[in-house]
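> just the structure for this:
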Amino acid sequence: MGIFDKLFKSKESCCDINVQKSSCSCDENHESFAEDTIEIRILGLCCKNYDTLEENILHAVNELGFKAKVKHITDFTEVATYGIISTPGLWIDGKIVSYGKVLSKDEIKDILKKIV
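Sure thing, here's the model as predicted:
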């Protein structure tokens, strides 16, 4: 396995999760999704905190039984358009709900319950 394989390999989840994952960071809607689907964006460069936040999001969504579409926004210029300078950031259904820290699964569940 080469260095690029390690950097760009797809991640597999440890559990059956009801989430559509997308890595597109443009504003175009390439896929349609149901009205009851939550749109979640993780903002920032890939790092351990980013990966931990993603894992916590996926587990929270799964435990609540919600449908979600997760997008990864890794372009720093685009991340800046969200008005945050500290990452990772978490955007859910049109609102920045956290930035600069890794939320726990329970914190994410609380936020999702308030939004939905």
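> which stretches in this protein count as strands?
Under the criterion DSSP state E, the chain carries strands at the ranges 19-22, 37-43, 67-73, 89-92, 95-99.
> in CSV: those strands, plus mean pLDDT and mean neighbour count.
Quick note: C-beta positions are derived from backbone N, CA and C, even for glycine. Listed next are the strands of the chain as CSV, based on pLDDT from 0 to 100; neighbours: other CB atoms under 10 Å:
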stretch, mean pLDDT, mean neighbour count
strand 19-22, 48, 16
strand 37-43, 95, 21
strand 67-73, 94, 18
strand 89-92, 96, 22
strand 95-99, 96, 15
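> distance to L53 for these - can I get that in CSV?
Formatted as CSV, the strands of the chain follow (distance: least, CB to CB, whole Å):
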stretch, distance to L53
strand 19-22, 14
strand 37-43, 6
strand 67-73, 11
strand 89-92, 7
strand 95-99, 8
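> not counting sequence-adjacent ones, nearest residue to G83?
Spatial nearest neighbour of G83, chain neighbours left out: I96 (6.9 Å); criterion: CB to CB, 6 or more residues apart in numbering.
> test my guess that the one you found contacts T87.
No: counting by CB atoms under 8 Å, I96 sits too far from T87 to count as a contact (11.4 Å).
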